[in-house]
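**Q** Prediction below, plus the sequence it came from.
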Amino acid sequence: MVIRRAHLNDIPAIMQLINEVVPALNAAGNFQWDSTYPNAQVFENDIRLQQLWVAEVGGTIAGIAAITTDQEPEYADAGWDITEQAIVTHRLAVSEKYRGGGIAATLLMQAEHEAINRGIHTLRIDTNTENPAAQRLFPKLGYRFAGEIGLSFRPNLRFYCYEKRLDTI
């Protein structure tokens with residue numbers, strides 16, 4: 001497996017992955033993503049900001065993650081100080097063909113690597129309350145549950161927030 005920053009020419013493969021993942025999420029009752037989000041424009045912006053990472057297996061994009069410092073204002077509702085700099089993983093997705101192969105964990109380790117390289121001691125992530133796979137994965141990687149929030153840009157959905165502190169390890 002190769003972890004690398006995404007390039008604009010990866011967009012078709014990324015959208016193919018998203019078009020595969022969204023129906024599977026929706027079929028499982030998880031509606032955090034749909035036909036409008038995330039979209040190619042969101043990923044193009046991530047790439048321009050050099051914050052989108054891909055996991056390649058045999059030359060195929062098997063997973064993606066936006067590794068950012070972007071915190072939603074509602075994170076404060078989980079008791080977080082959103083003025084504190086944090087590495088925040090958004091848009092984490094793994095192809096159905098590669099699920100269970102450690103790709104999501106590897107992408108989250110890339111987020112931790114980025115935090116260490118930047119001298120940032122806090123990692124944060126959120127997931128839909130209807131995403132049990134993520135809810136099992138995050139604690140295994142040292143993330144602690146912080147609370148439940150709503151997000152204004154995804155109305156009628158609830159999200160669980162998780163945090164990992166590197167300064168206490």
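**A** On my side now, so go ahead. Numbers count the residues shown, from 1 in each chain.
**Q** List the contacts of A115.
**A** Shown here is A115, whose contacts under the criterion CB atoms under 8 Å, 6 or more residues apart in numbering are I87, H121, T122, L123, L166. Just so you know, the C-beta spots here come from the backbone N, C-alpha and C atoms, and that holds for glycine as well.
**Q** Am I right that it falls within a helix?
**A** Yes - counting by DSSP: H, G, I helix; E, B strand; the rest coil, A115 is found in a helix.
**Q** pLDDT score for it?
**A** The per-residue pLDDT reported for A115 equals 97.
**Q** measure it to D10 for me?
**A** Separation of A115 from D10 (CB to CB, to the nearest Å): 23 Å.
**Q** How about G100?
**A** Counting by CB to CB, the gap from G100 to D10 is 23 Å.
**Q** K140 too?
**A** Counting by CB to CB, the gap from K140 to D10 is 28 Å.
**Q** what do you get for I125?
**A** When distance is defined by CB to CB, I125 is 22 Å away from D10.
**Q** and what of A27?
**A** Distance of A27 to D10, given as CB to CB: 26 Å.
**Q** Looking only at neighbour counts, state which of these two leads.
**A** D10 (19 against 8; other CB atoms under 10 Å).
**Q** Regarding the more buried one, what are the backbone dihedral angles?
**A** Backbone torsions for D10, taken as degrees, to the nearest 10, come to phi -80, psi -10.
**Q** List the buried residues in stretch 121-141.
**A** Within stretch 121-141, the residues that qualify as buried by neighbour count (16 or more other CB atoms under 10 Å) are 121-131, 134-135, 137-138, 141.
**Q** Show me the two of those that sit farthest apart.
**A** Spanning the widest gap among the buried residues of stretch 121-141 are H121 and E130, at 30.3 Å by CB to CB.
**Q** Any idea what L52 is bridged to?
**A** According to DSSP bridges, A66 are recorded as the beta-bridge partners of L52.
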